[in-house]
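# let me see the structure of the following:
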Amino acid sequence: MTSTSGASTPLPHVTETPIEGLLVVQLDLREDPRGWFKENWQRAKMTPAGLPDFGPVQHNLSFNTDRGVARGFHAEPWDKYLTIAHGRVFAAWVDMREGPTFGQTFSMEMDPSVGVFVPRGVANSYQTLTDAATYSYLVNQHWRPDAAYPGVALSDPALGIEWPIPLDECILSEKDLSYGPLTPEMAIPRQRMLVLGGNGQVGRALALEFPDALVVGRDVLDITDADAVAAWDWRAHDVVVNAAAYTAVDAAETDQGRRDAWAANATAPARLAALSREHGFTLVHFSSDYVFSGTAPEGGWTESSAFAPLGVYAQSKAAGDLAVAAAPHHYVLRCSWVVGDGANFVATMQSLAARGVSPSVVDDQIGRPTFTDEIARAVRHLLETRPPYGTYHLSNGGDATSFHALAQEVFAASGRPADDVTAVSTAEYTAGLATTPAPRPDDSRLDLSALLATGFEPRDWRDALTRYLS
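Next up, the predicted model:
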């Protein structure tokens, strides 16, 4: 892949290799009679050029006194970015990750003008071609003695590496000499997406969209349980999608509900954000139109609109948004009027229509529904295209509607007259209730411009409604 920029200095040239995720970077080496200078790692240039924003936390240097020193093959459960500080080496890699690319190799000569990004589970090795060759690498997890995967012999004939210097003339450590050939039993499990809140509407849609993900409900991992969260192996996941939430809007106004809402919607996301910083996974989180109140600007609420949450549920969701923003790799999808497999407004109206009930529905709350298959599709889009991290508003497309008009659409599609749904104001509706429900936003219109700019095209909510009802 090649990237260019209008800036005064071009982006690095990044090239793919036969090993998935192993990337070669041509660095801009500035030489003069004094020596040379280069930007070894420059996040603002290298991530647009195609390198992952992998969040290095440790820098290591390997100095080799003589020509003919050989090291490897070594694999660890973290990503690496390799460069040469001095001299030249011949480097080789083998993919030890489970799957169809297991055993794939790639080799090349490296000097200070070249960098290589090595994803976790790909074993690396090199032999020095000059005296005083110095090998530099950044990693995105701190070294720990129990982390290394089994090593592979440099001399394994099945790998087909053509070493410039015969290995029997090289200097190897006793440990490296003890390694055997690569075998299928040595395959390293790939990191796996983790979906939290798998029993909810969004979680069920994500399970269908990502069949290889590990989808867990509260019975497996309760994210409000600090001990259970601490015991989980977060290093096994490269993406964590948090679809767990407390959504009982009215019950949140009670003492117990207030505690539960803050635990699930604010404290738990803050804990996940800290784990994302520690382990490097991308955190995907879901927010709500409830964080706003009042009349939206023309076009709807934008991602930068000021929060004004009205009730406890809304306040806890707003706090969760702020907490997740502390994760370096995060996407927050803020949705309105969620409709999926479970209890929701559309399902309720469909049930009323089937049972011959003629309801009264508020006509002064406006917005657009967000069907959960659209949410799952948007998550896939963000993870595959990797636009800038941050918050994106999401709903289905089409014009804004009211709850009353949406209920009429459901009734008409169910074979009932639309006029069987009576329009009432929120004030009229709540006046007839025994207890006052939590306040809802009057205007839930979300501006989708930021997500549209990433290339995502939302489906019209009327088309989505037809599919859902059928």
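# those strands in the stretch 201-350 of the chain, which residues are they?
Secondary structure of the stretch 201-350 of the chain (DSSP state E, counting those that start in this stretch): strands at 214-216, 239-242, 282-288, 330-335, 338-339.
# make CSV out of these and add mean pLDDT, distance to Arg386 and mean neighbour count.
All C-beta spots, glycine's among them, are computed from the backbone N, C-alpha and C. Shown next, in CSV, are the strands of the stretch 201-350 of the chain (pLDDT from 0 to 100; distance: least, Cβ to Cβ, whole Å; neighbours: other Cβ atoms under 10 Å):
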stretch, mean pLDDT, distance to Arg386, mean neighbour count
strand 214-216, 97, 21, 19
strand 239-242, 98, 11, 24
strand 282-288, 97, 9, 25
strand 330-335, 98, 9, 24
strand 338-339, 97, 25, 24
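# in TSV, list those strands along with distance to Phe117.
Formatted as TSV, those follow (distance: least, Cβ to Cβ, whole Å):
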stretch	distance to Phe117
strand 214-216	26
strand 239-242	18
strand 282-288	17
strand 330-335	21
strand 338-339	38
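# of all those strands, which lies closest to Glu298?
strand 330-335 (18.5 Å; Cβ to Cβ).
# what sits up against the closest one?
Residues outside strand 330-335 that contact it (Cβ atoms under 8 Å, 6 or more residues apart in numbering) are 273, 276, 282-289, 291, 303, 321, 324-325, 370, 375, 378-379, 382, 389-395, 446.
# alpha carbons of that strand, as CSV, please.
Taking Å, rounded to 0.1, in the frame of the first residue of the first chain, the C-alpha atoms of strand 330-335 are listed here in CSV:
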residue,chain,number,x,y,z
HIS,A,330,-11.9,3.6,21.2
TYR,A,331,-15.1,4.0,19.2
VAL,A,332,-18.3,5.2,20.8
LEU,A,333,-21.4,4.7,18.7
ARG,A,334,-24.2,7.0,20.0
CYS,A,335,-27.6,5.6,18.9
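# next, the angle from that strand to strand 282-288.
With axes from the mean of the first three to the mean of the last three Cα atoms, to 10 degrees as the basis, strand 330-335 and strand 282-288 are set at 20 degrees to each other.
# for strand 330-335, which strands pair with it and how are they oriented?
strand 282-288 (parallel), strand 390-394 (parallel) (DSSP bridges).
# determine how far it lies from the middle of the whole chain.
In terms of Cα atoms, centre = their mean, to the nearest Å, the centre of strand 330-335 is found 10 Å from the chain centre.
# Three-state assignment for Glu109, please.
strand (DSSP: H, G, I helix; E, B strand; the rest coil).
# what bridges to it?
Glu109 has the following beta-bridge partners by DSSP bridges: Phe90.
# and the next helix or strand past the helix or strand hosting Gln127?
Gln127 belongs to strand 122-128 when assigned by DSSP states H and E. With elements assigned by DSSP H and E, the helix or strand that comes after strand 122-128 is strand 133-139.
# thinking again about what came up before, of the contacts of strand 330-335, grab the buried ones for PyMOL.
A single PyMOL command selects the buried members of the contacts of strand 330-335 (16 or more other Cβ atoms under 10 Å):
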select buried, resi 273+276+282+283+284+285+286+287+288+289+291+303+321+324+325+370+375+378+379+382+389+391+392+393+394+395+446
